[in-house]
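*Asks:* Attaching a predicted model along with its sequence, questions to come.
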Amino acid sequence: MINRQPSVSATMLRYLATASKHRTMYPPAHPIVRRAMEDLVQVTDLLLRDREAVTFQIYEDTFFLDNVMLPEESLRNAALLTTCLERDVGMFQFRKGITAQEIDAFISLILTPPQTVRAAGGPAAVLKAHSAAHIAVEPPRTSRPTDIEIEVDPSNAYEAGHTVAQALRVQAVRRQPLDMKKARVFLNAAIEVVLDNRFSLLGLMANRDYDEASSYHAVNVSILALLVGTRLGLTHDQLMVLGMSALLHDIGKVRVPPQLLNRATELTSEDQAQLHRHPVHGASILRDMEGLGRVAAVVALEHHAHHDLSGYPRLRDKERPNAFSRIVAVVDSYDTVTSARHGTARPLRAELAMKWIGAGLGTIFDPVAGKVFLRMMGLYPAGSIVELSNGALAVVQRPSEQFVDRPVVRVVRDGRLEEVFDLAAETSLSITNGMDSEDAGIDVTALLAEQPPAA
């Protein structure tokens, strides 16, 4: 289990960033500055009551608390992270016994111009000159250490993805350069979670109350693509490219009139033609980007082209879309048809979506990527409502590794999650059919939010 302490300790980053910001805006004696410093001192004292030190390190534009990755906090405190790196601070440690004056000295350090810090002998020398004996600093590392086991809170990674997807969309709307550094923060965290335990993110993705224009759709497609990629044995670098491409696959929709994306009625043929331009728009937005953006441009263009090239836009001089485009096509289609819809159609039940994908293997969908996805998700994906052979209703917790039709389920009784059954082992029970959450009268999102699934 992930220790929940990092989410508490990360509060210190927020107070540190706030205190630094106020020091640049107001005189040192200003009440706002004093209050911010008092808050920072209090949270530091609180965190050091039962530990000898609090250590934050920075690798790959991400804060770590000891060995725990903090992607969401890194995004929210990006200015603080950059400020530290500019002053050659890649690690800072506050030790038990630290005083308010020492904390003030650290704030002064990260507000001192970088050239002044270097002229004084570096950050450690600056702190020593201020008698900050309970603070240690070290320069940035060029790569993440391999001798520690990295942990990531799955919900932290998921929300970081939501934050990044929203920011990328705003940048695209404003025709600003897309911030790939922030996207990498999310993807590094997501890859760690996916490699550790795919079920944790599948559970978080059970909320279907969004449509394909939502930032959650972009995050879900990215996560699902990474899950398929790990099953296909992709390297970390390949997963990063795949995840980035999936995250940006629908970026071209920012150039489609919003009324078409949000229309509650069927689209006309002219409207549909405009909507079908979004892959071309996406490729246009991404085509001039370096590195990961080049493959992302190809995936944005091809993710609706279909395995047999019968989709849109028409691809010339190609036998098949790019391999990553074919992976994204599968997971994008699944997340789209099972999500909330602005049109007249209701979301498709998960098991029906899986059968639809299965029927399209070899034509719409790549057979290898599709089969890997179907096996990974199971016939009844996490969050599905099913009726058991004993008449009980249950929520699917996670798929079975052996049998696609016999997942782990948790019975719903009187609006509460009750006993758990592994249907791969509990052979006396089986699933008789899937059910729509509205028909079953079960709000899966609220249920899981109030009562987290059993481990």
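*Replies:* Perfect, thanks for sending it.

*Asks:* What ranges does this structure have for its strands?
*Replies:* 53-59, 62-65, 68-70, 91-95, 135-138, 151-152, 385-388, 393-398, 408-413, 416-422, 431-435 (DSSP state E).

*Asks:* now those as TSV including distance to Val331, mean neighbour count and mean pLDDT?
*Replies:* C-beta: built from backbone N, CA, C; applies to glycine. Shown next, in TSV, are those (distance: least, CB to CB, whole Å; neighbours: other CB atoms under 10 Å; pLDDT from 0 to 100):
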stretch	distance to Val331	mean neighbour count	mean pLDDT
strand 53-59	28	19	92
strand 62-65	25	24	92
strand 68-70	24	24	91
strand 91-95	37	19	96
strand 135-138	40	18	96
strand 151-152	21	22	89
strand 385-388	21	20	94
strand 393-398	17	24	91
strand 408-413	22	20	92
strand 416-422	26	15	91
strand 431-435	20	16	92
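
*Asks:* Which one, of those strands, ends up nearest to Lys128?
*Replies:* Among those, strand 135-138 comes nearest to Lys128, with 9.6 Å by CB to CB.

*Asks:* May I have that closest one exported as PDB, CA atoms only?
*Replies:* Only the C-alpha atoms of strand 135-138 are listed here, as PDB (Å, rounded to 0.1, in the frame of the first residue of the first chain):
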ATOM      1  CA  ILE A 135      19.000  22.600   6.400                       C
ATOM      2  CA  ALA A 136      20.900  20.500   3.900                       C
ATOM      3  CA  VAL A 137      21.000  21.000   0.100                       C
ATOM      4  CA  GLU A 138      22.500  19.100  -2.800                       C
END
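
*Asks:* Give me the sheet partners of that strand and which way each runs.
*Replies:* Strand pairing for strand 135-138, determined by DSSP bridges: strand 91-95 (antiparallel).

*Asks:* Give me the residues contacting the partner strand.
*Replies:* Contact partners of strand 91-95, identified using CB atoms under 8 Å, 6 or more residues apart in numbering, comprise 44, 48, 52-58, 84, 103, 106, 134-138.

*Asks:* per the record, what domains does the protein have?
*Replies:* The chain resolves into domains spanning 5-138, 154-377, 385-450 when parsed by automatic domain parsing.

*Asks:* most tightly surrounded among these?
*Replies:* domain 154-377 (a mean of 19; mean count of other CB atoms under 10 Å).

*Asks:* Now do that domain: distance from first to last residue.
*Replies:* End-to-end distance of domain 154-377 (CA to CA, to the nearest Å): 18 Å.

*Asks:* Distance from the chain centre to it, please.
*Replies:* Centre-to-centre, domain 154-377 and its host chain are 13 Å apart (CA atoms, centre = their mean, to the nearest Å).

*Asks:* now do stretch 114-133
*Replies:* Centroid separation for stretch 114-133 versus its chain: 37 Å, with CA atoms, centre = their mean.

*Asks:* pLDDT of that stretch, averaged?
*Replies:* The average pLDDT within stretch 114-133 is 96.

*Asks:* Stretch 10-23 too?
*Replies:* Rounded mean pLDDT across stretch 10-23 is 91.

*Asks:* send the alpha carbons of it over as PDB?
*Replies:* Coordinates of each C-alpha in stretch 10-23 appear next as PDB, following Å, rounded to 0.1, in the frame of the first residue of the first chain:
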ATOM      1  CA  ALA A  10       3.400  17.800   0.200                       C
ATOM      2  CA  THR A  11       1.400  20.600   1.900                       C
ATOM      3  CA  MET A  12       4.800  21.900   2.900                       C
ATOM      4  CA  LEU A  13       5.600  22.600  -0.800                       C
ATOM      5  CA  ARG A  14       2.500  24.700  -1.100                       C
ATOM      6  CA  TYR A  15       3.300  26.800   2.000                       C
ATOM      7  CA  LEU A  16       6.900  27.100   0.800                       C
ATOM      8  CA  ALA A  17       5.800  28.400  -2.600                       C
ATOM      9  CA  THR A  18       3.300  30.800  -1.000                       C
ATOM     10  CA  ALA A  19       5.800  32.200   1.400                       C
ATOM     11  CA  SER A  20       8.300  32.700  -1.400                       C
ATOM     12  CA  LYS A  21       5.700  34.400  -3.600                       C
ATOM     13  CA  HIS A  22       4.600  36.800  -0.900                       C
ATOM     14  CA  ARG A  23       8.200  37.700  -0.100                       C
END
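
*Asks:* neighbouring contacts of it?
*Replies:* 30, 32-33, 36-37, 39-40, 43-44, 47, 54, 56, 63, 65, 70, 73, 76-77, 79-80, 83, 107, 110-111.

*Asks:* His217 and Val337 touch, don't they?
*Replies:* No - His217 is beyond contact range of Val337, at 11.4 Å (criterion: CB atoms under 8 Å).

*Asks:* Per-residue confidence, Ile150, what does it come out as?
*Replies:* 86.

*Asks:* contacting residues around it?
*Replies:* Here Ile150 is in contact with Phe64, Asn67, Val68, Met69, Arg144, Glu192 (CB under 8 Å, 6+ apart).

*Asks:* what about 10 Å?
*Replies:* Counting by CB atoms under 10 Å, 6 or more residues apart in numbering, Ile150 touches Tyr59, Phe64, Asn67, Val68, Met69, Arg144, Asn188, Ala189, Glu192, Leu195, Asp196.
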